[in-house]
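K.L.:
fold the following and give me the result.
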Amino acid sequence: MGKPSRAEWLEERRTGIGGSDSSAVLGLNPWMSPYSLWADKLGMLPEREESEAMRQGRDFEDYVARRFCEVSGKRVRRVNKILRHPENSFMLANIDRDIVGEDSGLECKTTSMLNLKKYAGGDFPVNYYCQCVHYMAVTGAKRWYLAVLVLNQALLCFQLTREPETPVPEWCVSSVYVDQSEIDSLVDAERSFWALVEAKEPPPLDGAPPTTDALEAIYADSNGSSIELFGRESLIETYAELKAQSRELDARIAECRQILMGDLGEAERGNCGSYDVLWKSQSRKTFDSAAFFSDFPELKESAEDYWKTTSFRKFEIREVK
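P.N.:
Presented below is the predicted three-dimensional model:
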């Protein structure tokens, strides 16, 4: 049986929680919140367009797996199906590779050199950790390896293991012991989250940017009606107070910035203890459409097809006098 098509994979991933979803369940994913994941599982959000980073990660997966085999001496194989937890069928695993002859697997990642600092001291992103632990929970594997290709820089390998005495392989940057209690906690969290999906009951709104994005996508259009927000007066007052505090903080931040700018004057860099303050000259180009069409008015009508129009709902609170 061949590997499922992307459309088939997208359809099946909505039937459970996958490895890349696990960090979102825990509120540890910068790109997806519990609420946005819940809405996605219920088909309430449009399908995300594949970014260039996502495309490169998919295209480089085979290369990362080959490089892992080179440095580790291990052999890997594809698993052309989505795995499910034997007891908790809502837990899915679409693993990158299975390690031949071992009770372990491999997760392949590709990242930019701009993210290299995230791996300092043997660390790696927490969402990767959640994903690997999720796969260990679904498959029951004793170990999971994470291979990260930092484009044009390095291949970094990490080991996650259930066995506390497992030595760190010389080709691994670090090794992390995963206690069974951590796995059990993750399973419990995912079970509670999936119960919300099945009940179509949303998780709490948390202030995370992905939650705002999800709400704006779900309720993209207003219908002109008016409702009574019964019992929300204290919440609205809190919102107004926080907005006022935010403006005060913004003003104070601007004041600090202005003082430092005045100190620097024409200097590009200033040093104070462990801090460097930079105020560099930079330039950028922008397209002056008004001037362009003033010089070439005959092109204005034909250019109308190239203007992109977007719609949105503006949120504001006004005190009624």
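K.L.:
mind checking how far the one helix or strand residue 155 maps to is from the chain centre?
P.N.:
Secondary structure assigned from DSSP states H and E places residue 155 in strand 154-161. From the chain centre to the centre of strand 154-161 is a distance of 20 Å (Cα atoms, centre = their mean, to the nearest Å).
K.L.:
what is that strand packed up against?
P.N.:
Applying 3 or more Cβ pairs under 8 Å, 6 or more residues apart in numbering; DSSP states H and E, one finds that strand 154-161 contacts helix 61-72, helix 126-139, strand 143-150, strand 174-177. Placement of C-beta: from N, CA and C, glycine included.
K.L.:
so how far is the last one off the chain centroid?
P.N.:
Relative to the mean C-alpha coordinate of its chain, strand 174-177 is positioned 23 Å out (Cα atoms, centre = their mean).
K.L.:
any chance of a markdown table for the helices and strands packed on strand 154-161, columns distance to residue 42?
P.N.:
Below are the helices and strands packed on strand 154-161 laid out as a markdown table (distance: least, Cβ to Cβ, whole Å):
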| stretch | distance to residue 42 |
| --- | --- |
| helix 61-72 | 29 |
| helix 126-139 | 20 |
| strand 143-150 | 29 |
| strand 174-177 | 33 |
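K.L.:
who does the strand holding residue 155 pair up with?
P.N.:
strand 143-150 (antiparallel), strand 174-177 (parallel) (DSSP bridges).
K.L.:
now tabulate the helices and strands packed on strand 154-161 in JSON lines and tack on distance to residue 237 and mean pLDDT.
P.N.:
JSON lines is the format used below for the helices and strands packed on strand 154-161 (distance: least, Cβ to Cβ, whole Å; pLDDT from 0 to 100):
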{"stretch": "helix 61-72", "distance to residue 237": "51", "mean pLDDT": "96"}
{"stretch": "helix 126-139", "distance to residue 237": "36", "mean pLDDT": "97"}
{"stretch": "strand 143-150", "distance to residue 237": "47", "mean pLDDT": "96"}
{"stretch": "strand 174-177", "distance to residue 237": "46", "mean pLDDT": "96"}
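K.L.:
tell me which of the ones you listed sits nearest to residue 291.
P.N.:
Within these, the stretch nearest residue 291 is strand 143-150; the backing value is 43.2 Å (Cβ to Cβ).
K.L.:
low-confidence bits of the protein, can you list those?
P.N.:
Scanning the chain for pLDDT under 70 picks out the ranges 1-6, 9, 311-321.
K.L.:
residue 135 is nearest to which of the strands paired with strand 154-161?
P.N.:
strand 143-150 (5.8 Å).
K.L.:
of all the helices and strands packed on strand 154-161, which lies closest to residue 46?
P.N.:
Between residue 46 and the helices and strands packed on strand 154-161, the shortest gap by Cβ to Cβ is with helix 126-139, which sits at 22.3 Å.
K.L.:
run through who's touching that closest one.
P.N.:
17-20, 22-23, 26, 28-30, 83-85, 91-93, 95, 105, 107, 109, 141-144, 146, 148, 160, 162, 176, 178, 182-183, 186-187, 190 (Cβ atoms under 8 Å, 6 or more residues apart in numbering).
K.L.:
now do stretch 62-77
P.N.:
Contacts of stretch 62-77 (Cβ under 8 Å, 6+ apart): 96-102, 106, 108-110, 145, 147-149, 155, 157, 169, 171.
K.L.:
would you tell me which helix is longest in the chain?
P.N.:
In the chain, taking DSSP state H as the definition, the longest helix is helix 233-264.
K.L.:
tell me the SS of residue 201?
P.N.:
coil (DSSP: H, G, I helix; E, B strand; the rest coil).
K.L.:
around it, how many other residues sit close by?
P.N.:
As a burial measure, residue 201 scores 9 neighbours (other Cβ atoms under 10 Å).
K.L.:
do residue 214 as well
P.N.:
23.
K.L.:
that one: what secondary structure?
P.N.:
Assignment for residue 214 (three-state DSSP): helix.
K.L.:
what separation do you get for it and residue 169?
P.N.:
41 Å (Cβ to Cβ, to the nearest Å).
K.L.:
which ones among the contacts of helix 126-139 are found in helices?
P.N.:
The helices, defined by DSSP H, take in 22-23, 182-183, 186-187, 190 from the contacts of helix 126-139.
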